[in-house]
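Asker: Quick one: sequence plus predicted model below, questions after.
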Amino acid sequence: MAKPTLSSKIGSAAKLLTYAENVFKKSIENAVLFPDAASTIVELEAALKAYRNGLTEAAYRDTRQIVIKNQQAAILKQVLYKYALYVEAVANGDPNIILAAGYIPSKSSTGSIGSSPKPYNLRVEIYQGGNNAVQLRVNSWRPARYCQFEFRKVGSENEWSKVLSTKSKTVIPHLEHLQEYEFRVTYLGADPTPNYSDIVRCYVV
């Protein structure tokens, strides 16, 4: 199974900075895949900023600044290692999810199963728990790591809002009463390319 790699990628100051910047950038872009990492990403941003500033100060070869820079490098590595453990758990061996977090995956002997199929039988029901909520269900696909449910108001030009679920169902609360919404879903598996279901519409009543 593929895992996030670090030790061979951060051997020099330049490599550490480049690698950490890529992890931060990709994790922001793909935050929907890592819903429990918000505090770690904030920590990574702070460590990255401190290390970047430390490199600039240490360029003048001041001994004290070099010591500080090395301390900041150690802190940044610790954050990267901690975050890598979380990414490894989320990815469950999927190299595409590891790449989505900005890490380089280790080589895996497990072959790809190809692109995700189109999800069928997306159902929308008014959720009885209140809060102007709907419950979405779709046929499950075993290789899927997640189901990415998306929704927006019918006729709007807004981007689709995304809800990630490890199951083939989810509840979307706090929609606007008496408004019509449209919904779609895609599986997220070894190939992260979306393959959406047919769109289903429903009034929130």
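Answerer: Yep, that arrived.
Asker: Quick check: buried residues in stretch 3-19?
Answerer: 3, 4, 5, 6, 9, 10, 16, 17, 19 (16 or more other Cβ atoms under 10 Å). (C-beta placed from N, C-alpha, C; glycine too.)
Asker: and those residues, which of them are in helices?
Answerer: Among the buried residues of stretch 3-19, DSSP state H puts 16, 17, 19 in helices.
Asker: average pLDDT for stretch 147-166?
Answerer: The average pLDDT within stretch 147-166 is 91.
Asker: Flag every buried residue along that stretch.
Answerer: Taking 16+ other Cβ under 10 Å as the criterion, stretch 147-166 shows 147, 148, 149, 150, 151, 163, 164, 165 as buried.
Asker: Serialize the ones in helices among the buried residues of stretch 3-19 to a markdown table and add fields for pLDDT and distance to residue 84.
Answerer: Listed next are these as a markdown table, based on pLDDT from 0 to 100; distance: Cβ to Cβ, whole Å:
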| residue | pLDDT | distance to residue 84 |
| --- | --- | --- |
| 16 | 90 | 14 |
| 17 | 90 | 17 |
| 19 | 91 | 11 |
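Asker: now residue 124: how far from residue 84?
Answerer: Remark: distance between residue 124 and residue 84 (Cβ to Cβ, to the nearest Å) = 38 Å.
Asker: Just the ones in strands from the buried residues of stretch 147-166, please.
Answerer: Using DSSP state E, the subset of those located in strands is 147, 148, 149, 150, 151, 163, 164, 165.
Asker: Distance to residue 193 added to the residues you listed, as CSV?
Answerer: As requested, these are exported to CSV (distance: Cβ to Cβ, whole Å):
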residue, distance to residue 193
147, 15
148, 12
149, 17
150, 15
151, 20
163, 19
164, 16
165, 19
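Asker: Enumerate the positions of the helix or strand containing residue 71 that are buried.
Answerer: Taking DSSP states H and E as the criterion, residue 71 maps to helix 63-91. With burial defined by 16+ other Cβ under 10 Å, the residues of helix 63-91 counted as buried are 65, 68-69, 72-73, 75-77, 79-80, 83-84, 87-88, 90-91.
Asker: Quick check: residue 40 touching residue 81?
Answerer: No: counting by Cβ atoms under 8 Å, residue 40 does not reach residue 81; the two are 11.1 Å apart.
Asker: Which parts of the protein are strands?
Answerer: For the chain, applying DSSP E gives strands covering 4-5, 104-105, 123-126, 134-137, 146-153, 161-165, 169-172, 180-188, 200-203.
Asker: okay if I get the ones you listed as a markdown table plus distance to residue 95?
Answerer: As requested, the strands of the chain are exported to a markdown table (distance: least, Cβ to Cβ, whole Å):
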| stretch | distance to residue 95 |
| --- | --- |
| strand 4-5 | 10 |
| strand 104-105 | 4 |
| strand 123-126 | 32 |
| strand 134-137 | 28 |
| strand 146-153 | 15 |
| strand 161-165 | 19 |
| strand 169-172 | 26 |
| strand 180-188 | 13 |
| strand 200-203 | 32 |
